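[1] Here is my input; please provide its structure:
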Amino acid sequence: MKLYIKYMVSVRCKAAVQDKLDKLGLHYGTVDLGEVVFKESITPQQQEQLKQELTQLGVELLDHHQGKIIEQVKAVIMKMVLQADSLPNMKNSEYISQQLKRDYTYLANLFSEATGVTIEQSIITHKIERVKELLLYDELNLTEIAHKLNYCSVAHLSGQFKKTTGLTPSFFKQMKHKRRHL
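    Numbering: from 1, shown residues only. Predicted coordinates:
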């Protein structure tokens, strides 16, 4: 079971939420910024208790409907990254809004309040993970990868890759080859 928490955007918030979960005796697997994954279902009474405890921290438990919307946004982002070369050529915001039939501003605000990152940051993170994957497969060169993921240029992809990972794509690829020879 997964619940989303609004305004949980720092490591201190995460630690405070973990303390509340422990205090209530709730068994959780992971606590990330904006979400808690429980090992087992929690009762409506436990959920209400948790809601009250979290309110004292200045964070809010999102209702089931809002949590479902966040999951839908994440699914659309994954689809956008995995099928980038076959999607219509439009802005990310337009595509997400169209897919979920909701106002993008509402989706963006809800998503960032719950996860601590913007939709665009999430898209970039997923795209860079996909770039890493494609580089490791070694089937496509960087130009082909940039085209496949709808980057306007190899330079843009390389810049985003370096900003996100601290490495250039070519150095990342070299690291893979060096690991094989060890």
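[2] what is the rounded mean pLDDT of whatever helix or strand Val76 lives in?
    Per DSSP states H and E, Val76 falls inside helix 64-82. Helix 64-82 shows a mean pLDDT of 89.
[3] Can you point out the buried residues in it?
    Gln66, Gly67, Ile69, Ile70, Val73, Val76, Ile77, Met80, Val81 (16 or more other Cβ atoms under 10 Å). Every C-beta, even on glycine, is put in place using the N, C-alpha and C of the backbone.
[4] Ok, stretch 116-130 next?
    Neighbour counts using 16+ other Cβ under 10 Å place Gly116, Val117, Ile119, Ser122, Ile123, Ile124, His126, Lys127, Ile128, Arg130 of stretch 116-130 among the buried residues.
[5] Please tabulate those in JSON lines, including the columns secondary structure, distance to Lys148 and pLDDT.
    Output for those, formatted as JSON lines (DSSP: H, G, I helix; E, B strand; the rest coil; distance: Cβ to Cβ, whole Å; pLDDT from 0 to 100):
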{"residue": "Gly116", "secondary structure": "coil", "distance to Lys148": "29", "pLDDT": "83"}
{"residue": "Val117", "secondary structure": "coil", "distance to Lys148": "24", "pLDDT": "90"}
{"residue": "Ile119", "secondary structure": "helix", "distance to Lys148": "21", "pLDDT": "96"}
{"residue": "Ser122", "secondary structure": "helix", "distance to Lys148": "19", "pLDDT": "95"}
{"residue": "Ile123", "secondary structure": "helix", "distance to Lys148": "15", "pLDDT": "95"}
{"residue": "Ile124", "secondary structure": "helix", "distance to Lys148": "16", "pLDDT": "95"}
{"residue": "His126", "secondary structure": "helix", "distance to Lys148": "14", "pLDDT": "94"}
{"residue": "Lys127", "secondary structure": "helix", "distance to Lys148": "10", "pLDDT": "94"}
{"residue": "Ile128", "secondary structure": "helix", "distance to Lys148": "14", "pLDDT": "95"}
{"residue": "Arg130", "secondary structure": "helix", "distance to Lys148": "9", "pLDDT": "94"}
